[in-house]
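Undergrad: Next come a sequence and a model predicted from it.
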Amino acid sequence: MKKMLASLLATSALTVATLISAQSIQAQAAETIRFATEATYPPFEFVGEDNQLEGFDIDLAKAICNELKAECTFSNQSFDSLIPSLKFRRFDAVISGMDITPDRLKQVDFSGPYYENSAIFVTEKNKGLTSIEALKGHSVGVQNGSTHQQYLIEKLESQGVKVRPYDTFQNAFLDMTSGRVDTVFADTAVAREWMKERGKGQYVQAGPEVKDADYFGIGYGIAVRKQDKLKEEIDSALKKLKENGTYQKIYDKYFNKA
């Protein structure tokens, strides 16, 4: 009888230990959010001098994790691989200056918008390209797989604009400074940051800001897999960050510099 009781107690203890271990593993998994980004997009995401990821999106993601009492990890990937990798569960979320658009919403879910977006053309001052209409016959650099590329192909290519895709916007800007493309089409904040930091006063905006909800959506959002409860958690955290002033502090750090 004693042996039977001891055996039952041992089995019970083992079962409890197994359950605790399983719960611990689940809790550990829930405490880490794996973000993917494409870190050639300052001021939203870029590799800093210490070889660490920095930027508005990175700081915002860290604040979201802090609010959710979770840990963040970040992976730097090419932009056109972000959504496929998310769908294949290589990551939990994508934060990478990504517009919420109807086409993307067919593949993934998004948080509520956290940044209002528009796009502009940048060109060298002496080219005299002062309007979008003047771009006919000229080449425009754009990031491959972006909504900017889609906009150019569907709206302007038939009007004689030559679309030149690049793996990153930074390479498009580099080729513009070398004279290989006449203009670059990019998000307004990114383009203005480049003109301020690297344009040396030689580059200007060509025409007005482009705002088209079919291509640039209603703003940037954080992408998650379809029907993932993480969307609700991120939305809740974003709401609190805006209410407690944390979001504004991060915004001011990158967009309201003195």
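TA: Received it, and whenever you're ready, just let me know what you need. Predicted, not measured: the structure shown is a model, and the values here were computed from it.
Undergrad: Quick one: residues contacting K231.
TA: Contact analysis of K231 by CB atoms under 8 Å, 6 or more residues apart in numbering lists 109-111, 224. Any C-beta I mention is one placed from the backbone N, CA and C, and that applies to glycine too.
Undergrad: out of those, who has the most neighbours?
TA: F110 (25 neighbours; other CB atoms under 10 Å).
Undergrad: Can you tell me, leaving aside adjacent residues, what's nearest to it?
TA: Among residues not flanking F110 along the chain, G221 sits closest, at 3.4 Å (CB to CB, 6 or more residues apart in numbering).
Undergrad: Can you verify my assumption that that neighbour contacts E116?
TA: No. The pair G221 and E116 fails to qualify as a contact (CB atoms under 8 Å) at a distance of 11.3 Å.
Undergrad: who has more neighbours, the two?
TA: Neighbour count, other CB under 10 Å: between G221 and E116, G221 has more, with 27 against 12.
Undergrad: all helices of the stretch 1-150 of the chain, in order?
TA: Remark: helices assigned in the stretch 1-150 of the chain by DSSP state H, counting those that start in this stretch are 2-30, 56-67, 82-87, 102-105, 147-151.
Undergrad: Lowest average pLDDT across these?
TA: Of all the helices of the stretch 1-150 of the chain, mean pLDDT reaches its minimum on helix 2-30 (a mean of 44).
Undergrad: Tell me how many other residues crowd M176.
TA: For M176, the neighbour count with other CB under 10 Å is 23.
Undergrad: Tell me where the model's unsure across the chain.
TA: By pLDDT under 70, the low-scoring segments of the chain are 1-30, 256-258.
Undergrad: can you tell me how far F88 sits from V224?
TA: 14 Å (CB to CB, to the nearest Å).
Undergrad: now do K240
TA: Note on K240: its distance to V224, by CB to CB, is 18 Å.
Undergrad: Just give the closest residue to T73, not the sequence neighbours.
TA: Nearest residue to T73 in three dimensions, chain neighbours excluded: R34, at 5.1 Å (CB to CB, 6+ apart).
Undergrad: Am I right that the one you found is in contact with A93?
TA: Yes. Taking contacts as CB under 8 Å, R34 lies within contact range of A93: 7.3 Å.
Undergrad: any residues in contact with both of these two?
TA: Going by CB under 8 Å, 6+ apart, no residue sits against R34 while also sitting against A93.
Undergrad: And these two? Which one has more around it.
TA: Using other CB under 10 Å, the more surrounded residue of R34 and A93 is A93, with 25 against 15.
Undergrad: Could you double-check that that one lies in contact with S85?
TA: No. The criterion here is CB under 8 Å, and A93 misses it with S85 at 11.1 Å.
Undergrad: Overlap in contacts, those two.
TA: Common neighbours of A93 and S85 are listed as A36 (criterion: CB under 8 Å, 6+ apart).
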